[in-house]
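Undergrad: this one's structure only:
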């Protein structure tokens, strides 16, 4: 029976079934324990990882029997796909299955920022009734800037349109007559136009060498002082010192961050700011999303180990 190692906290009905079809070791902690992972991985033909397991050349050299890596999610920044290809290892992932959950949380956080919902809740639970303090703005007819109008950015745009937001988008890889623009009603803009005109700016790009530290001090300086920033994509897109400086200096009005450069980040300056909402990398963690992602990743790993082509291979 072929052997599969699952290196992080992953759960779902299809994983339970996978354990009846293959010899599966499910170790929640081994993805963060590099020496133990490198010593253990040679005996496995399949591997399923999430955010924290670094599938790089070092691991691929050690994994002498590995045939397939399943990335539980859409991001491939922790998987060296080129190195895997050179090693003859197939990489599969879940390119579409978390998009609805991420788009929904983006809209949830956008509205929470606009209405100062978190502070309103804290004040009221403490016995306050501060109606004048929390008289805030509607999002109707405000401008939303979307950086990255791909699978998730497009779904954010569709939901934002239903709320009556004007939508600007910057995506250097999409033509202006693409489906994502024409169906969402987003106006194709330069990055400067998005930052200078938007009341809310949300980023939905992959993390790679081109986008790492994309949101730096100059990025925030171009935003309106009344604007809010949201990141539900990857923490590495944002220079955290830069956003702290922008928030402390009121260069921007506030932020909602679901992802951080280091996770978990511990208690830091951002945690003490009233104009910041922090969530623990939860955008894709709904019950429905977890089942979808787990289902397609486990199915593809099983297919490859059974001699079939995967449905969702990474390019």
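TA: Yep, that arrived. On a predicted model such as this, the values are computed, not experimentally measured, just so you know.

Undergrad: Which parts of the stretch 201-315 of the chain are helices?
TA: With helices called from DSSP state H, counting those that start in this stretch, the stretch 201-315 of the chain shows them at 217-221, 240-248, 287-305.

Undergrad: got a list of contacts for the second one?
TA: What that stands for is helix 240-248. Helix 240-248 has contacts (C-beta atoms under 8 Å, 6 or more residues apart in numbering) with 215-217, 219-221, 223, 229, 251-252, 254-255, 257, 260-261, 269-270, 273, 275-276. (Glycine included, C-beta is placed from N, CA and C.)

Undergrad: Strands - which of those land there?
TA: Under the assignment DSSP state E, these contribute 229, 254-255, 257, 276 to strands.

Undergrad: For residue 46, state which of these is nearest.
TA: Nearest to residue 46 out of the ones in strands among the contacts of helix 240-248 is residue 257 (C-beta to C-beta; 33.7 Å).

Undergrad: For the closest one, which non-adjacent residue is spatially closest?
TA: Nearest residue to residue 257 in three dimensions, chain neighbours excluded: residue 231, at 5.2 Å (C-beta to C-beta, 6 or more residues apart in numbering).

Undergrad: my read: residue 274 touches residue 119, true?
TA: Yes: Residue 274 is in contact with residue 119 according to C-beta atoms under 8 Å; the separation is 5.8 Å.

Undergrad: who's more crowded, the two?
TA: Counting neighbours by other C-beta atoms under 10 Å for residue 274 and for residue 119 shows that residue 119 has the greater number, 16 against 11.

Undergrad: Let's verify that one: helix, strand, or coil?
TA: helix (DSSP: H, G, I helix; E, B strand; the rest coil).

Undergrad: which ones are touching it?
TA: 134, 274.

Undergrad: same thing with residue 41?
TA: 5, 47, 59, 62-63, 66.

Undergrad: Kindly recompute the last result at 7 Å.
TA: 5, 59, 62-63 (C-beta atoms under 7 Å, 6 or more residues apart in numbering).

Undergrad: Check the gap between it and residue 51 for me.
TA: Remark: distance between residue 41 and residue 51 (C-beta to C-beta, to the nearest Å) = 18 Å.

Undergrad: And for residue 175?
TA: As judged by C-beta to C-beta, residue 175 and residue 51 stand 32 Å apart.

Undergrad: Could you do residue 98 as well?
TA: Taking C-beta to C-beta as the measure, residue 98 falls 12 Å from residue 51.

Undergrad: the more surrounded of those two?
TA: A direct count of neighbours by other C-beta under 10 Å for residue 98 and residue 51 places residue 98 higher, at 24 against 17.

Undergrad: so how far is residue 222 from the closest residue in space to residue 26 that isn't next to it in sequence?
TA: Excluding the flanking residues, the one nearest residue 26 by C-beta to C-beta, 6+ apart is residue 6, at 4.4 Å. Using C-beta to C-beta, residue 6 is found at 43 Å from residue 222.

Undergrad: Comparing these two, which shows the higher neighbour count?
TA: residue 6 (28 against 15).

Undergrad: I figured the more buried one hits residue 48, correct?
TA: Yes: counting by C-beta atoms under 7 Å, residue 6 touches residue 48, with 4.6 Å between them.

Undergrad: Next, count neighbours for the residue nearest to residue 286 when sequence neighbours are not counted.
TA: Take residue 286 and drop its neighbours on the chain: the residue closest to it by C-beta to C-beta, 6+ apart is residue 101, 4.5 Å away. Applying other C-beta under 10 Å, we find 23 residues neighbouring residue 101.

Undergrad: Use 44 as the first number for this chain going forward.
TA: Sounds good: first residue 44 from here, last item residue 144.

Undergrad: give the contact list for residue 144.
TA: Counting by C-beta under 7 Å, 6+ apart, residue 144 has contacts 326-327, 329, 332.

Undergrad: any idea whether it is helix, strand or coil?
TA: Residue 144 - assigned by three-state DSSP - is helix.

Undergrad: and the gap between the residue most central in space within the chain and residue 269?
TA: By C-alpha atoms, centre = their mean, the chain has its centre lying nearest to residue 276, at 3.2 Å. Distance, residue 276 to residue 269, by C-beta to C-beta: 23 Å.

Undergrad: residues contacting the nearest residue to residue 99 once chain neighbours are set aside?
TA: Nearest-residue entry for residue 99: residue 123, 4.8 Å, with adjacent residues in sequence omitted and distances by C-beta to C-beta, 6+ apart. Taking C-beta under 7 Å, 6+ apart, we find residue 123 in contact with 98-100.
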